[in-house]
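got a predicted structure here, sequence first:
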Amino acid sequence: MNITDLQRARFWKKVRPGSDSECWMINACRTSWNQPIITFYRRNFLASRVMFSLTKGDIPNGLQVLHTCDNGACVNPSHLWLGTQKDNMQDCARKHRKGTQKLTRDQILEIRRLGKSGVSFHLVAKQFNVSPQYASRVIRNIQPDYVK
């Protein structure tokens with residue numbers, strides 16, 4: 001990824017760094033699955049891929065930037081590693097994580113209860129720190145498929 005000095009400066013201006021153990025957040029637009037994106041050359045790039053490229057080098061074709069912290073919005077370089085889709089799925093299984101959200105069975109049942117009682121999915125999303133789209137899918141019993 002060829003990034004100019006101006007783009008590099010613009011990217012770092014949006015990053016809120018912390019310690020190596022903390023998740024670093026970035027002030028950027030988000031994808032529908034809540035991952036931050038940066039626009040360069042009129043094209044969107046995942047912020048984690050930009051950070052990896054800036055701090056660790058090029059990303060070989062076919063590899064993804066994965067997060068040790070399981071926070072897709074994190075751009076802390078010490079939390080980022082390269083892997084395949086298979087690596088990502090094995091990481092999910094090892095950590096007993098399903099999909100992109102980390103909710104317990106009880107939290108999912110509570111989200112559904114709140115939704116059925118008339119609480120808006122926007123308020124539920126804020127309370128459980130998930131996207132409104134995901135909260136809506138949980139309330140409507142579309143996701144996650146491991147809790148029915």
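It's in.

okay, CA-based contacts and neighbour counts for the rest of this
OK.

burial count for the closest residue to residue 140 other than its chain neighbours?
Nearest residue to residue 140 in three dimensions, chain neighbours excluded: residue 112, at 7.6 Å (Cα to Cα, 6 or more residues apart in numbering). Residue 112 has 21 neighbours, counted by other Cα atoms under 10 Å.

what packs against the biggest helix by length in the chain?
In the chain, with assignment by DSSP state H, the single longest helix is helix 105-116. When contacts are defined as 3 or more Cα pairs under 8 Å, 6 or more residues apart in numbering; DSSP states H and E, helix 105-116 packs onto helix 121-128, helix 132-139.

so which of those gets nearest residue 22?
Residue 22 sits nearest to helix 121-128 of all those, at 20.0 Å, using Cα to Cα.

list the buried residues in the closest one.
Residues of helix 121-128 classed as buried under the neighbour-count rule (16 or more other Cα atoms under 10 Å) are 121, 124-125, 128.

and stretch 51-69, by the same measure?
By neighbour count, and taking 16+ other Cα under 10 Å as the criterion, the buried residues in stretch 51-69 are 51-54, 59, 64-67.

what comes up buried for the helix or strand where residue 93 lies?
Using DSSP states H and E, residue 93 maps to helix 85-94. By 16+ other Cα under 10 Å, the buried positions in helix 85-94 come out as 88, 91.

give the contact list for the nearest residue to residue 116 once chain neighbours are set aside.
By the measure of Cα to Cα, 6+ apart, the closest residue to residue 116 outside its immediate chain neighbours is residue 139, 7.4 Å from it. In this structure, residue 139 makes contact with 111-113, 115-116, 121, judged by Cα atoms under 8 Å, 6 or more residues apart in numbering.

sort the residues you listed by pLDDT and name the bottom one.
Lowest model confidence among the contacts of residue 139 falls on residue 121, which carries 85.
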